[in-house]
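# got a sequence here, can you build the structure:
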Amino acid sequence: MKYITSFFMAWGTFLAIPCPVKKWDKKYIFLRLGFLPAVGLILGLIYALILYALYSIWNNFIPTGNPQQLLYAIILLFSFTFPFLASGGFHLDGFMDCSDAIFSRKPLVQRQEILKDSHVGAFAVIHLAMLMIMYLVVHVTLVTRVDLTLLPLVFVSSRAFGGLWVTCYKAGDTSQYSGGEEKEIGKARSEARKVLILLTIFILAIYVAVRGFFILQYSYTDEIISQLIPVGTTFIAVGISSFLSCAFCRHNLKMMNGDIAGYTICISELVGLAALILFMGA
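Predicted coordinates for the structure are as follows:
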C-alpha cells in the first residue's frame, strides 16, 4: 500500500496533469522519489501520443501552403511548452533558484540564502532565457526529425538520475529531505534509491524489449543494433549531463536538495533531446 501511496504522491507533486487519486503521507516523502521514472514515463507517453496525433493531422488532412505552416507553428509551440506545463514548472523553479544562487558569485552562506529565497533574481531570469533559447533551437529540429517512440526515454532517464542524486547525497539543513533522525533518514533514502533503480531498470527493459520486437517485425535482423543505439547513447548522455550538472551545483552550494535535482533534470532533459537528434542522424 505504501508504494501505491508513494506513486500517487509523486504524480501529484511532480506533474500538473490531474492525479486520479489524491494520497499523501509524510512518511513516504522520500519513497515518492523512487517513482520519478514512472512520472517521466507518464509525461513522455502523453507527450509522444499528442505529437503523433498532431503529425497525423498535419500529414493527412491539412493542405499544403499556409495551413500546413500554421499547424507546424502549433506543433512547435506545443512541443516546446508541454514538458514545462505538464510538470507545473516544478523542475524549472529549481533551475532558476540554483542559477540565481550560483551565478551571484557571492560568499557561500549568501549563495545558500539566495537558494531558499522565493524572490526571482536577475541571474535566474538571464539563465532561464538562455535555457529557453536552447530548448527552442532543439525543438525546431526535434518536431519533424525524431522518432517519437524515443521521447519517453528522455523523460524517464532525466527524472531517474535527478531522483537518484537526492537519494545518494545528504540533504542540506534547509531541504525538505532533511530533519529527523539520521538513521531513519538513511533508511528512507536507501529504500527510495532501491525502488528508483529497480523501477528504472524495469521500464528500460520493457521499452527495449518492445522496441526490439517491433524492429524485428518490420525491419531486418541486422538493423536491430543500429536501431537500439540511440536508446543507449541517449541514456548515457542524460546520465553524464545529469551527474556533471549535479556535481557543479553541489560544488558551488556545498549541499543537496530538490532545487539541485530540478536543475539537473532541466539540463539533462535538454541534453537528452539534443542527443536524440544527433544519434538519429537529424
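# what is the burial count for residue 185?
16 (other Cβ atoms under 10 Å). (Each C-beta comes from the backbone N, C-alpha and C, glycine too.)
# likewise residue 18?
Neighbour count of residue 18, defined by other Cβ under 10 Å: 8.
# helices of the stretch 101-250 of the chain, start to end?
108-116, 122-145, 151-168, 182-218, 224-253 (DSSP state H, counting those that start in this stretch).
# the ones you listed: which one's closest to residue 96?
Ranking these by their distance to residue 96 (criterion: Cβ to Cβ) puts helix 122-145 first, at 3.9 Å.
# what helices or strands is the closest one leaning on?
helix 66-86, helix 90-102, helix 258-279 (3 or more Cβ pairs under 8 Å, 6 or more residues apart in numbering; DSSP states H and E).
# those helices: which one's closest to residue 13?
Of all the helices and strands packed on helix 122-145, helix 90-102 sits nearest to residue 13, with 7.4 Å by Cβ to Cβ.
# where in this structure is pLDDT low?
Across the chain, the stretches falling below the confidence threshold (pLDDT under 70) are 58, 62-67, 144-146, 173-182, 214-227, 280-282.
# apply 50 and report the result again.
282 (pLDDT under 50).
# contacts for stretch 83-90?
Under the criterion Cβ atoms under 8 Å, 6 or more residues apart in numbering, residues 13, 14, 15, 16, 17, 43, 46, 47, 92, 155, 262, 269 lie in contact with stretch 83-90.
# any idea which of the helices of the stretch 101-250 of the chain is most buried?
helix 151-168 (a mean of 26; mean count of other Cβ atoms under 10 Å).
# so which elements touch it?
Contacts defined by 3+ Cβ pairs under 8 Å, 6+ apart place helix 151-168 against helix 36-60, helix 182-218, helix 224-253, helix 258-279.
# any idea how far the last one is from the chain center?
Right, the one you point to is helix 258-279. What separates the centre of helix 258-279 from the centre of its chain is 7 Å, taken as Cα atoms, centre = their mean, to the nearest Å.
# which residue comes closest to residue 134 once chain neighbours are left out?
For residue 134, the nearest residue in space outside its immediate sequence neighbours is residue 270; the separation is 6.0 Å by Cβ to Cβ, 6 or more residues apart in numbering.
# surely the one you found and residue 133 touch.
No - using Cβ atoms under 8 Å as the test, residue 270 is too far from residue 133 to be in contact (10.8 Å).
# ok, residue 75 - contacts?
For residue 75, the residues meeting the contact criterion (Cβ under 8 Å, 6+ apart) are 51, 54, 55, 58, 143.
# can you list these in TSV and add distance to residue 239?
Shown next, in TSV, are the contacts of residue 75 (distance: Cβ to Cβ, whole Å):
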residue	distance to residue 239
51	25
54	30
55	29
58	33
143	25
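# relative to residue 244, which of these is nearest.
Distances from residue 244 to those, taken by Cβ to Cβ, are shortest for residue 143, at 27.2 Å.
# the closest one against residue 51, yeah?
Yes - when contacts are counted by Cβ under 8 Å, residue 143 is listed as touching residue 51 (7.4 Å).
# hey, what's in contact with both of these two?
When contacts are counted by Cβ under 8 Å, 6+ apart, the set common to residue 143 and residue 51 consists of 75, 79.
# returning to what we had before: figure out which of the helices of the stretch 101-250 of the chain is closest to residue 274.
When these are compared (using Cβ to Cβ), the closest one is helix 122-145, at 5.3 Å.
# who wins for most neighbours among the contacts of stretch 83-90?
Per-residue neighbour counts (other Cβ under 10 Å) across the contacts of stretch 83-90 peak at residue 155, which has 29 neighbours.
# how near is that residue to residue 103?
Distance, residue 155 to residue 103, using Cβ to Cβ, to the nearest Å: 27 Å.
# circling back to that earlier point, for residue 25, which of the helices of the stretch 101-250 of the chain is the nearest?
For the helices of the stretch 101-250 of the chain, distance to residue 25 was read as Cβ to Cβ. The smallest value, 12.2 Å, belongs to helix 182-218.
# could you check the angle the closest one makes with helix 151-168?
Between helix 182-218 and helix 151-168, the angle formed by their directions is 160 degrees, by axes from the mean of the first three to the mean of the last three Cα atoms, to 10 degrees.
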